[in-house]
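take a look and give me a structure for this.
(3 chains)
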Amino acid sequence: MSSTAVRDQAGPKTPGPDGTGRGERLAALVQKRGAPIVLLVVVVVASIASPGFADWANVSGVLGGNAFVWLLALGMTFVITTGGIDLSVGSMYALGGVLAADGSRAGSWAAVLLPLAVGAAWGTVQGMLVARARMAPFIVSLAGLLGVRGVLQAITNEGSTTYLVPAGSWARKLGEGTWTPVLIVAALFVLGGLLLTRTRFGATLTAIGGNENAAVLMGLPVARAKVYVYVLSGSLAGLAGALGGLRLGSGVTTIGVGYELTAIASVVIGGTLLTGGYGTVGGTVCGVLLLAVLHNLIDHYFSSYGSAFTDAVNGAFLALVVLSQTLLGRARHVE
Amino acid sequence: MSATTVSGRLPQKARVLKDIQNYGVYLALVVLIVVAVALNTSFLSASNLRVQLFQLSPTLLVALGMALVIGTEGIDLSVGATIALSAAVLPLYLGYGLGAALALALLIGAVAGAIGGSMVAFARVQPIVATLSLMIGLRGVAELINGDAAKPVTAQSLLSLGGNSAAGVPWMAWVAIVAAAVVAVVMRRTTFGRQLVAIGDNRQAARLAGLPVRRVLVTVYVISGILAALAGVLVVGHGAEADPANQGLNMELDAITAVVVGGTPLSGGRVRVLGTVAGALFMQLISAVLTQHDVHTSYTQIIEAAIICGAVYVSRERGSR
Amino acid sequence: MIPTQAPAPDGEPVLEVVGAGKTFAGVHALRDVSLSLRPGEVHALIGENGAGKSTLIKVMTGVHRPDTGTVTLAGRTVAFTTPLEAQAAGISTIYQEVNLIPLMSVARNLFLGREPRRFGVVDTRAMNRQAAQILRGYGVESDVSRPLHTLGLGAQQMVALARAVRIDARVVIMDEPTSSLEPREVETLFSVIRDLRSKGVAVVYVSHRLDELYAICDRVTVMRDGAVVHTGELAGLERLKLISLMLGREMSEVRREGATAFAADGHDRQEDQPILEARDLAVRHKVNGVSLSIRPGEVVGLGGLLGSGRSETAKAVVGAIATEGGTVSVAGTAMTRRSPAAAIRAGVVMLAEDRKAEGIIPSLSVRENIVLAALPRLSRGGIVSTARQDEVVTYFMERLGIKASGPEQRVSDLSGGNQQKVLLARWLCMNPKVLLLDEPTRGIDVGAKAEVQSLVDELAREGLGVLLISSELEELIEGSDRVVVLKDGAVVGHLEGDGVTEQALLAALASSGADGADGDVPGADGDVSGADGDASRAEETR
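Residues are numbered from 1 along each chain as shown, chains lettered A, B, ... in the order given. Purely as a prediction, here's the structure:
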């Protein structure tokens, strides 16, 4: 029906008004594929150079010991994709563990469902405050970080009561060994990936982060999706805490401090834009694995420095990724 | 439509919220003190007040810097980590005298602030993101510098700065009071203060009016870094040890709380210095009152969280602009 | 996937707005507006800023509900409460800015909210296949799985168009769809519109480019001050007539001398050397090689319809927006650094058009707003000198007659006119050499308007070079010594001396295409009684 074609202008001949030059496309590639490539390089180099790194004992330790915490990053991926942030997940992780241990005395089902329900409930509150009362996600979830830990302290009588998971409870099996945790977490990541890329809900989340006004004009259920995303993040944090608690056999009150920062770092290092509008579950997988591997290596070689080195590396990584994202983003917007 | 002038009259609810934002913190402070005295007459004793001032001073210093940053529509999450960094550096140079160590700690704070500020002003990274990466990274660096265990500090000059009083008021508090006065004067009387508020209120108009937007932004973060480093020095002096793993933890949250409770809106364009002082005092006293009456820290924390939420709800941007 | 329902019977309107009125805070945005769209027509909707076009569009698309009047769709009265309801009923809108999600794939943008699904999940393959097929019809032949932002703006606009039309549209409203399109993309757009027309879809076409209107539209509705001033066939309606309708000038109307507060006589230029000279300014999509010069003591008017690049030219001069080319020199010295701060240092200041977004600092006081730019000059060692500051503030509040309860009053509590005076004071206390005024009297009351106008006169007499941008013909004509006329980002006319008349300006605005760029309007001799003669001569110049 039309005679003239509006061809896109990405060819090398015409750099085009949008400036998709070769340099920028390379940069975009680095942003999208950077995490898997760096992960691959680190793993290969470490396997060759570091005896014992590729041993099953080490690998299973890295995977089994950390897998549940990675669920925080999964939830965070969704939140950040909408341009929000959820700082309460570290506290919710700890609360989840305590609730699981507490609930396990009433039965194995309670051990899993109670933390899940509490996480979802708090997520609903946060989501309503963000989506309906239009408060800044940062502040709302900051209050969550403090408040949820307060609840945790209250339940455990300021940390003096320790709840143990009964030895006979089948729920303990959920956290045992390497394979069960890894399979549970992998399954959830796969579901999460499908949710983000293959459903209308996922598309709505991306649209909200990309251009909220446009999403409203397109008739997408913006406020509802925003509530759901915090419900999802809260539920995942509660569940992760529960599974972690079941693995440990008790609710540990001091756990989870700063986990929200690691989760954010993993998500961003994986290539999800902190400003929202682009999220990738696969990237988050690479991000959490990359940080876990680095942590493992640092523990091995710089054990005298402890977690400090990891923090420094995390921070540097994050700064680097965020800077490159911003600069790339700017290159895109300058016409 | 563009011809309409916004009349000064706001709807009833908005007006009440506005009054709460402007004066609520002072009222709350008075009520709190009255209640506290009614419950426990020794609340106003000199020794108790001194204890409160020791704890309040570092938070207030950090909150003052935070208020400036928030005035530009920014936020600085790196202040807690900067305290840790300052604490880590300090013991290394105390041998050269307190002056040298102090200068170096403040310089480090300024550099940390300059990094964050440059990311915000030049690379145009969102403030929350730029300072988040510093928050994670700097504490790691601090712990690396310090090593595993907390280091005891024995330099008498530093210990007396952190523990002694002059005219019945802790030296630490004098430092904080002077800092608050200086910040108040800066905001009221200097070019920089005016430009800061203008940039936070309407950045585009400020740019068109030829204001040095980037320079002001970087300077604001540098000031915040310096004040945080100074707070770190006081914390080390008071605790008689340098413990970067724990010192300054959650300080960014306490500072933001003090600023917000003090009535400074997160949307920028306004810095309430006296309000920030009152906000920091209020948060300090409420946790003191609750603790003294055997309310568990858990409930204290929940109450604090609720206060933050309430304060932000009251001060959140309303449709008018 | 253009909808294929049969066109409604001829003459029966598909969408009809009858007697719509809308008031915002006491200001009439729409007054008794009626508009009727027939199936298969392309209906131009034109008017200057504030004429009520966008409010009318928002009434039709469910963003606003009219206070009075009705909207009828295919004979049924409707009351949309959200844009979504209007979309579902078959009214879709394409906005001037591309309202899509930049980082999402082209296909996802096209299908967002109605993706084809299989087994409960989005069927990406089917979606991409359908998207490619649909977009080919719009001349977009790129890989639909790529992020939207990698497409050119024109192609993005086509995606937005395809998205809007894909819904079983009966009415498609296009709000300045060509503002970011290249000429060949405009051609593609036109062929899409023709296709819609042949399928019985009614198209509302909003644009300021008269050439486009004449090329594609069947009928036209002209709005002014919230009311419809003309509706009819476009063919046969002269350009000059169209512009007169938009600007509120009848062809036979004689120039009303003294309708403004400007002095009747021009200003004596003190020197002939220009104080400001801009050469070949270019801003992407907006300004295309504009040159102008201003001499001390002279008021140069910058005329043109909305969207002609007037504001962008002023902003390019002071370095407030990125330019693609051109030079600016002040008093013979070329400016190397281009930023508002550098321009201010050189003595060139601009009163921005959007007072609220680009002018006032709302929460600061009158005093602080006035001295904002001058602060460094009023300070010693970074401390503001209260005495000098108060001196400046008192002087300018008095000289400009700023009515406030005092210098302490918040500027946002002032009336528009007083806010404008505060901004003028902000610039005047910088002792500028050149003052660029972008719509200085828009939205302010009559008294303040007269005061601002006579102030401009006075300033020019004191030797300031002034650039005056105004949509008001009277203001532009009576206030300016010379007028430079812009159209589509290029200079299409110069009016000088006695040639500065409304008729000559209208004629220059009506000249077709930018090829009349060097066409100084001839014969406009400013003869007060010669309106008819001017009109006929203007006809010739077309």
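
hmm, C:K433 and C:V348 touching each other?
Yes - between C:V348 and C:K433 there is a contact under CB atoms under 8 Å: 6.8 Å. (Glycine included, C-beta is placed from N, CA and C.)

any shared contact partners between those two?
Both C:V348 and C:K433 are in contact with C:L276, C:V330, where contact means CB atoms under 8 Å, 6 or more residues apart in numbering or on different chains.

the two: which has the busier surroundings?
Shown here are C:V348 and C:K433; by other CB atoms under 10 Å in any protein chain shown, C:V348 has more neighbours (27 against 18).

residue contacts, the more buried one?
C:L276, C:V317, C:V318, C:V328, C:V330, C:P432, C:K433, C:V434, C:L436.

report the two of those residues separated the most.
The most widely separated members of those, counting by CB to CB, are C:V328 and C:P432 (14.5 Å).

what sits against residue 62?
No chain specified, so I'll use chain A. A:A292, A:V293, A:N296.

not quite, go with chain B.
B:V79, B:I83, B:S224, B:L227, B:A228, B:A231, B:M251, B:E252, B:D254, B:A255.

if we go to 10 Å?
B:76, B:79-80, B:82-83, B:176, B:224, B:227-232, B:248, B:251-252, B:254-256, B:258-259, B:280 (CB atoms under 10 Å, 6 or more residues apart in numbering or on different chains).

may I ask which helix or strand encompasses residue 116?
Since no chain was named, I'll use chain A. If you go by DSSP states H and E, A:L116 is part of helix A:108-131.

I was thinking of chain B, sorry if that wasn't clear
Judged by DSSP H and E, B:G116 forms part of helix B:98-121.

and which of the contacts of C:V348 is nearest A:M76?
Checking those one by one against A:M76 (CB to CB), the nearest turns out to be C:V318, at 43.7 Å.

distance of the closest residue to that closest one other than its chain neighbours relative to C:S363?
Nearest residue to C:V318 in three dimensions, chain neighbours excluded: C:A343, at 4.0 Å (CB to CB, 6 or more residues apart in numbering or on different chains). According to CB to CB, to the nearest Å, C:A343 and C:S363 sit 26 Å apart.

and C:L151, by the same measure?
C:L151 is 41 Å from C:S363, by CB to CB.

okay, and for the chain, where does confidence drop off?
Using chain A here. Chain A contains residues with pLDDT under 70 at A:1-32, A:303-308, A:325-335.

my bad, chain C
C:1-11, C:25-26, C:49-50, C:166-167, C:249-261, C:263-271, C:512-542.

tell me the centre residue of it?
Chain C has C:L306 as the residue nearest its centroid, 3.7 Å off, counting by CA atoms, centre = their mean.

surely it meets C:S54?
No - with contacts counted by CB atoms under 10 Å, C:L306 stays clear of C:S54, the gap being 11.6 Å.

mind listing the shared neighbours of these two?
Joint contacts of C:L306 and C:S54 (CB under 10 Å, 6+ apart) are C:G47.

nearest residue to the closest residue to chain A within the stretch 51-200 of chain B in space, please, no chain neighbours.
Proximity of the stretch 51-200 of chain B to chain A (CB to the nearest CB) peaks at B:G137, 1.8 Å away. Of all residues beyond its chain neighbours, the one nearest B:G137 is A:G315 (1.8 Å), with distances taken as CB to CB, 6+ apart.

and what of B:A101?
B:Y93 (4.0 Å).

what do you get for C:L196?
In space, C:L196 is closest to C:V203, 5.7 Å off (CB to CB, 6+ apart).

check which helices and strands the helix or strand that that neighbour is a member of sits against.
Here C:V203, judged by DSSP H and E, is contained in strand C:202-206. Using 3 or more CB pairs under 10 Å, 6 or more residues apart in numbering or on different chains; DSSP states H and E, the elements in contact with strand C:202-206 are strand C:27-37, strand C:42-46, helix C:53-60, strand C:91-94, strand C:171-175, helix C:183-198, helix C:210-216.

save those as a markdown table, and put in distance to C:I294 too.
Output for the helices and strands packed on strand C:202-206, formatted as a markdown table (distance: least, CB to CB, whole Å):
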| stretch | distance to C:I294 |
| --- | --- |
| strand C:27-37 | 35 |
| strand C:42-46 | 31 |
| helix C:53-60 | 33 |
| strand C:91-94 | 39 |
| strand C:171-175 | 34 |
| helix C:183-198 | 32 |
| helix C:210-216 | 28 |
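
got the residues of the stretch 51-200 of chain B near chain A?
The stretch 51-200 of chain B has residues B:75, B:77-78, B:81, B:88, B:115-116, B:119, B:123-126, B:128-130, B:132-148 near chain A, with proximity defined as CB under 10 Å from any CB of the partner chain.

now C:L135: which helix or strand?
Assigned by DSSP H and E, C:L135 falls within helix C:124-136.

that helix - contacts with which helices or strands?
helix C:106-111, strand C:117-118, helix C:153-166.

mean neighbour count added to the helices and strands packed on strand C:202-206, as TSV?
Output for the helices and strands packed on strand C:202-206, formatted as TSV (neighbours: other CB atoms under 10 Å in any protein chain shown):
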stretch	mean neighbour count
strand C:27-37	20
strand C:42-46	24
helix C:53-60	23
strand C:91-94	25
strand C:171-175	24
helix C:183-198	19
helix C:210-216	18
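
for the residue in the stretch 351-500 of chain C positioned nearest to chain A, what are its contacts?
Proximity of the stretch 351-500 of chain C to chain A (CB to the nearest CB) peaks at C:G489, 15.5 Å away. By CB under 10 Å, 6+ apart, the residues touching C:G489 are C:281-290, C:304, C:307-310, C:312-313, C:514.

list only buried entries from those.
C:281, C:283-290, C:304, C:307-310, C:312-313, C:514 (16 or more other CB atoms under 10 Å in any protein chain shown).

among these, name the ones in strands.
C:L281, C:V283, C:V287, C:N288, C:G289, C:V290 (DSSP state E).

nearest to B:Q52 among these?
C:V283 (59.2 Å).

which ones are touching that closest one?
C:V283 is in contact with C:290, C:309, C:312-313, C:315-316, C:321-326, C:489, counting by CB under 10 Å, 6+ apart.

which one among those gets closest to chain A?
Set against chain A, the nearest of the contacts of C:V283 by CB to the nearest CB is C:A322 (7.7 Å).

show me what the helix or strand that contains C:S244 is packed up against.
Using DSSP H and E, the element containing C:S244 is helix C:239-247. Contacts defined by 3+ CB pairs under 10 Å, 6+ apart place helix C:239-247 against strand C:42-46, helix C:210-216, strand C:219-224, strand C:227-233, helix C:502-510, helix C:531-541.

what lies in contact with stretch B:15-34?
Outside stretch B:15-34, the residues within contact range by CB under 10 Å, 6+ apart are B:9-11, B:43-44, B:258, B:260-265, B:270, B:272, B:274-283, B:285-286, B:288-289, B:307, B:310-311, B:313-316, B:318.

between the helices and strands packed on helix C:124-136, which one is closest to chain B.
Chain B lies closest to helix C:153-166 among those, at 22.0 Å (CB to the nearest CB).

what about the closest one and chain A, any contact?
Yes - contact of helix C:153-166 with chain A (CB under 10 Å from any CB) involves C:L153, C:G154, C:A155, C:Q156, C:Q157, C:M158, C:A160, C:R163.

report back the residue of chain C that's furthest from centre.
Distance from the C-alpha centroid of chain C, by CA atoms, centre = their mean, peaks at C:F119 (48.9 Å).
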